[in-house]
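J.: Below is the sequence, then the predicted model.
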Amino acid sequence: MLTISKNYRKPVIFAILLHLILLSFFIFELSATQYRLENSAPNQAAKTIQVKAISVAKMQMEIKTAAAQQQQQQIAQQKLLAEKQAQINAEKKAVELKAEKAKLVLQMAAEKKARAEKTKQEKIIAAKKAVILKKQKLAQEQEALQKQLMAQQIQSDQHSIAKAQSQANQGVIDQYKAQILSAIQANWRISQVNDKLKCIYLVQIAPGGTVLSAQLEQSSGDSALDQSAREAIFKSSPLPVPKDLAEFNSFRRLVLTLSPQGYLQ
């Protein structure tokens with residue numbers, strides 16, 4: 001089946017209508033001519049047919065020219081429409097690209113703002129965390145310092161107590177030692193000797209003051225003086241010592257310096 005393009009339908013229809021009009025006119029003229037031929041001379045009929053044929057040919061040429069012009073107008077119009085459509089499409093595409101670019105710019109700005117906000121929040125959190133850690137560190141340092149000061153204070157107190165206790169113990173030791181030396185001096189029978197002589201004894205004492213031994217550590221150079229001093233030590237047993245065992249421990253081993261002039265240690 002023959003199909004006619006939509007763009008060429010109007011020119012074709014126009015041409016068909018012109019041909020139909022021409023055909024009707026030709027038929028009408030032919031009938032009139034035949035009638036005239038029947039009533040006129042043969043030469044006149046031939047001349048009339050020739051004139052009509054020329055008129056029909058001219059009309060056909062005009063119809064073809066009109067159809068061609070119509071077709072050219074249609075083509076020009078289609079071309080113009082196509083150009084306008086292309087321009088519209090280009091402008092539409094440009095608008096879409098511009099809108100897409102604007103959207104992208106807004107999106108990038110939003111992302112940049114989000115990143116900046118995230119960085120800001122992270123910095124705030126980090127700063128808060130640093131402050132907390134600093135406070136914790138300061139608290140730990142303060143606690144450690146307090147413990148150190150407390151330990152130093154305790155140590156100082158203990159040292160003071162120990163010193164005071166030592167002084168007190170030394171006082172007790174000196175007191176009992178003076179009593180011991182006084183007892184030995186009371187039992188020492190000394191002949192006429194050089195008063196500057198002295199002897200040193202290491203005396204071991206049992207709880208209660210019993211003398212266990214007396215070992216000569218340094219002689220005076222006079223054996224009689226050394227022997228008399230030893231006898232005086234044993235004669236003085238039991239020696240006066242503390243009854244408290246903790247205090248007595250300082251008297252288990254005594255180093256005694258004995259001298260005829262009463263210089264006793």
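T.: Yes, it's here.

J.: shouldn't residue 253 be in contact with residue 204?
T.: Yes: at 5.8 Å, residue 253 counts as touching residue 204 under the criterion of CB atoms under 8 Å. (Glycine included, C-beta is placed from N, CA and C.)

J.: Give me the most central residue, the protein.
T.: residue 126 (7.2 Å; CA atoms, centre = their mean).

J.: So it versus residue 183, what's the distance?
T.: Distance of residue 126 to residue 183, computed by CB to CB, to the nearest Å: 82 Å.

J.: Equivalent analysis for residue 142, please.
T.: Residue 142 is 60 Å from residue 183, by CB to CB.

J.: Show me which of those two is the more surrounded one.
T.: Neighbours per residue, other CB atoms under 10 Å: of residue 142 and residue 183, the larger number sits with residue 183, 19 against 10.

J.: check contacts around the more buried one.
T.: 236, 239-240 (CB atoms under 8 Å, 6 or more residues apart in numbering).

J.: repeat that with 6 Å
T.: residue 236 (CB atoms under 6 Å, 6 or more residues apart in numbering).

J.: Where does pLDDT dip in the stretch 151-265 of the chain?
T.: Judged by pLDDT under 70, the stretch 151-265 of the chain has its weakly predicted residues at 192-193, 262-265.

J.: Would you map the helices across it?
T.: 223-235, 245-248 (DSSP state H, counting those that start in this stretch).

J.: okay, those in CSV with distance to residue 169 next?
T.: Formatted as CSV, those follow (distance: least, CB to CB, whole Å):
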stretch, distance to residue 169
helix 223-235, 23
helix 245-248, 7
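
J.: Return the most buried member of those.
T.: helix 223-235 (a mean of 17; mean count of other CB atoms under 10 Å).

J.: Not counting its neighbours along the chain, what's nearest residue 19?
T.: Once flanking residues are discounted, residue 19 sits nearest to residue 63: 7.2 Å by CB to CB, 6 or more residues apart in numbering.

J.: Just want the angle from the helix or strand hosting the one you found to helix 223-235.
T.: Using DSSP states H and E, residue 63 sits within helix 42-186. Counting by axes from the mean of the first three to the mean of the last three CA atoms, to 10 degrees, helix 42-186 lies at 110 degrees to helix 223-235.

J.: what's the neighbour count on residue 241?
T.: 22.

J.: Quick check: it touching residue 208?
T.: No: with contacts counted by CB atoms under 6 Å, residue 241 stays clear of residue 208, the gap being 7.2 Å.

J.: Pull the contacting residues for residue 233.
T.: For residue 233, the contact set (CB under 6 Å, 6+ apart) comprises 184, 214.

J.: let's see it at 10 Å
T.: 180, 183-184, 187-188, 201, 203, 205, 211, 213-214, 239, 254, 256, 258 (CB atoms under 10 Å, 6 or more residues apart in numbering).

J.: For the residues you listed, which ChimeraX command selects only the ones that are buried?
T.: Command for ChimeraX, covering only those of the contacts of residue 233 found buried under the criterion 16 or more other CB atoms under 10 Å:
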select :180,183,184,188,201,203,205,211,214,239,254,256,258
